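Chemist: Build me a structure from this.
(one chain, ligands or ions: 2)
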Amino acid sequence: MGTLVDPAFVQAPEHRPKSTGTEEAVGIPLIDLSPLLHSPIPATGSAATPAISSLLAEVEAACRDWGFFQVINHGVPSELLDNLMAASKGFFALPAEEKRRVRKDEVNPLGYFDTEHTKNVRDWKEVFDFTVQEPPVIPALAEPRTAEFLTFKNRWPEYPPGFGEACDKYAKAVNELAFKLLELIALTLGLPAKRLNGFFKDQSSIIRLNRYPPCPSPHLALGVGRHKDGGALTILAQDDVGGLDVKRRSDGEWIRVKPIPNSYIINIGDTFQVWSNDKYESAEHRVSVNSERERLSIPFFFNPAQYVTVQPLVELIDEKNPVKYNAYKWGEFYKTRQNGNFKKLEVENIQIYHFKKAV
Ligand SMILES: O=C(O)CCC(=O)C(=O)O
Ligand SMILES: [Fe+2]
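Modeler: Ligands and ions are numbered 1, 2, ... in the order given. As a prediction, this is how the structure comes out:
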């Protein structure tokens, strides 16, 4: 069969999606967060109501067995997502030169981008990234803080009107959900609910607007190649097209995540894998594309502050569970990962197993 796409997009044969989407009866767990609408998150697990306790048990099992789950009754008003989806459509419909006016570069990772590579193969997509919490500009620090970390500065396009406001409102609402999930997961690890909150005081979280155009060769290319997310958690909204595939741990099969209206898909990132010393592992996932319909998705990458040192939490370490990872700075990991995403490298990009201690 002829190749209709540029060779830069073509996956190695073993990584190409099967021609039929693998829809499975037993997919990722679906968790109803409505207990949180009625009662606050307790300070510790022992103070939990029966409804919260059973919610914690579901979250724990999902984090342990899948590293992925879907949530409903999450408290994020649906019109905020509808507005952002509309703004995203409007932005991507602009002429290429207009979009490129806000393109990202090697210094500032925010803005428009259509040449991302995952594992050195180009992704069939275009994206717009913005940060949830712009760091304050401290003039005294403006000069020296160039080398170590990336500079986050939102780049708002002029069109469509209201774009920045739709982004901002959505970010605030999903940020609240992110902290709720962070606290729930801390409780499932036997920690005080707010044990991890301090790492996010100067969070470097990013929201990404993804557009996957219809692809003439969906059996050769991927919207996003197989990967794990590097941050703490990802909170993903998708439209009704479908295409996210999660690698099931029990048998290594790729499982398509069924779009559910008004739901979010949550996944554990590498940072949680390290904090939990492998109790919760980040799961591999990818995005398949199709030849008929474009797909929009919006991940919120919940990332700690760039200066945070990521290492297994002392409370979870003992003789039976010795430390499995070397410590690293989140900002350095992120920056190295970004450099690899920006262009094709001859070597493998930075991965979490590079920090695994030799046994
Ligand atoms: O579009 C999706 O469903 C997932 C995107 C994704 O995995 C990512 O951007 O890291
Ligand atoms: Fe991802």
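
Chemist: Which secondary structure state does the residue nearest in space to the middle of the chain sit in?
Modeler: What sits nearest the mean C-alpha location of the chain, by C-alpha atoms, centre = their mean, is Thr234, with 3.5 Å. Counting by DSSP: H, G, I helix; E, B strand; the rest coil, the backbone at Thr234 sits in strand.

Chemist: can you offset everything so residue one is 53?
Modeler: Understood, numbering begins at 53; the last thing we discussed is Thr286.

Chemist: got a list of what it touches?
Modeler: Residues in contact with Thr286 (C-beta atoms under 8 Å, 6 or more residues apart in numbering) are Ile317, Ile318, Asn319, Gly321, Pro351, Phe352, Phe353, Phe354. The way it works is simple: take the backbone N, C-alpha and C, and place the C-beta from them, glycine included.

Chemist: Tell me, how many residues neighbour the nearest residue to Leu296 once chain neighbours are set aside?
Modeler: In this structure, Leu296 finds its nearest non-sequential neighbour in Val309, 4.5 Å apart by C-beta to C-beta, 6 or more residues apart in numbering. Number of residues near Val309 (other C-beta atoms under 10 Å) recorded here: 22.

Chemist: Now do the strands in the stretch 53-202 of the chain.
Modeler: Using DSSP state E, counting those that start in this stretch, the strands found in the stretch 53-202 of the chain span residues 82-84, 120-124, 163-165, 169-170, 173-174, 178-183.

Chemist: mind checking how far the longest one is from the chain centre?
Modeler: The reference is to strand 178-183. Put simply, strand 178-183 sits 12 Å off its chain's centre (C-alpha atoms, centre = their mean, to the nearest Å).

Chemist: packing partners for it?
Modeler: Counting contacts by 3 or more C-beta pairs under 8 Å, 6 or more residues apart in numbering; DSSP states H and E, strand 178-183 is packed against helix 130-144, strand 163-165, strand 258-264.

Chemist: just the fourth one next, same as before
Modeler: When contacts are defined as 3+ C-beta pairs under 8 Å, 6+ apart, strand 169-170 packs onto strand 276-279, helix 382-394.

Chemist: tell me what the last one is packed against?
Modeler: To tie it back to what came earlier, the one meant is helix 382-394. Packed against helix 382-394 by the contact rule (3+ C-beta pairs under 8 Å, 6+ apart) you find strand 169-170, strand 361-362.
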